[in-house]
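Enquirer: Sequence plus predicted model, see below.
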Amino acid sequence: MMLGRKWFFFGGLILGPLIAVIIVGIGLWPWRATSIPPRWENNIATRSLHAAVAREAKNLKAPISASEETLRAGMKIYRSNCAGCHGDFDQPSKWGANGFYPRVPQFLQAPPALRSEEMFLIVQGGIRYSGMGSWKDLMSEQETWKVVLFVNNLQSLPPAVKSEWEAGKHE
Ligand code: HEC
């Protein structure tokens, strides 16, 4: 009787992964980015990402302050490199909001619950299994700090920067 139960238990352990391998092998695993990601999946992924960057950024401190000049420079970098996916001041990115799995967070509607230092690590490192690539070879550390400080202050921009942001200024 005990042996029977054990077989049942170990059989189950093997059968689960085996079924998964078969589903993948015969081409039944879903692959489209247009499917709507379930909330539980988003929650698990976000929680694991945020826990990891919080741990790694614990002793990191932004080397520059969020001065008007920094925020203005960050705004330009954001507009040229990030807005196409994360959204501009008055419009979410349709592509980002519907075309990625996981979806691209729209920062104007949902500002990230992250410190600038955590965002710095994310922009430098990119995020696995997502459309968020690493900017390490494309953007200097200085520029990266400027853009994350901008994102972190999106809701509290100084009036001069805010009016340029809302006027859609690029240069
Ligand atoms: C090609 C589309 C794309 C571009 C361009 C892009 N991102 Fe992302 N970004 C994503 C996706 C997709 C995610 C969500 C990944 C996930 O949830 O696993 C993301 C997530 C993030 C996050 C984490 C947000 C959170 O709350 O967990 C930060 C911070 C971020 N991006 C910053 C930036 C910055 C700054 C830029 C510009 C330098 C940028 N991204 C450019 C697609 C993009």
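Expert: Yep, that arrived.

Enquirer: what's the domain layout of the chain?
Expert: 1-31, 39-166 (automatic domain parsing).

Enquirer: Most tightly packed of the ones you listed?
Expert: Here the criterion is mean neighbour count by mean count of other C-beta atoms under 10 Å, and of the domains of the chain the winner is domain 39-166, at a mean of 16. All C-beta atoms are positioned from the backbone trio N, CA, C, and that covers glycine.

Enquirer: hmm, that domain touching the ligand?
Expert: Yes: for domain 39-166, a contact with the ligand is found by C-beta under 6 Å from any ligand atom, at 45-46, 49, 81-82, 84-86, 100, 102, 104-105, 112, 114, 119, 122-123, 127, 130-132, 135, 147-148, 151.

Enquirer: what's the first-to-last distance across stretch 137-144?
Expert: Terminal residues of stretch 137-144 lie 11 Å apart, using C-alpha to C-alpha, to the nearest Å.

Enquirer: quick one: which of the residues of domain 39-166 next to the ligand sit in helices?
Expert: 45-46, 49, 81, 84-86, 119, 122-123, 147-148, 151 (DSSP state H).

Enquirer: Could you double-check that Arg103 lies in contact with Ser93?
Expert: No: Arg103 lies out of contact with Ser93 (C-beta atoms under 8 Å); the separation is 10.2 Å.

Enquirer: residues shared between the contacts of those two?
Expert: Taking C-beta atoms under 8 Å, 6 or more residues apart in numbering as the criterion, Arg103 and Ser93 do not both touch any residue.
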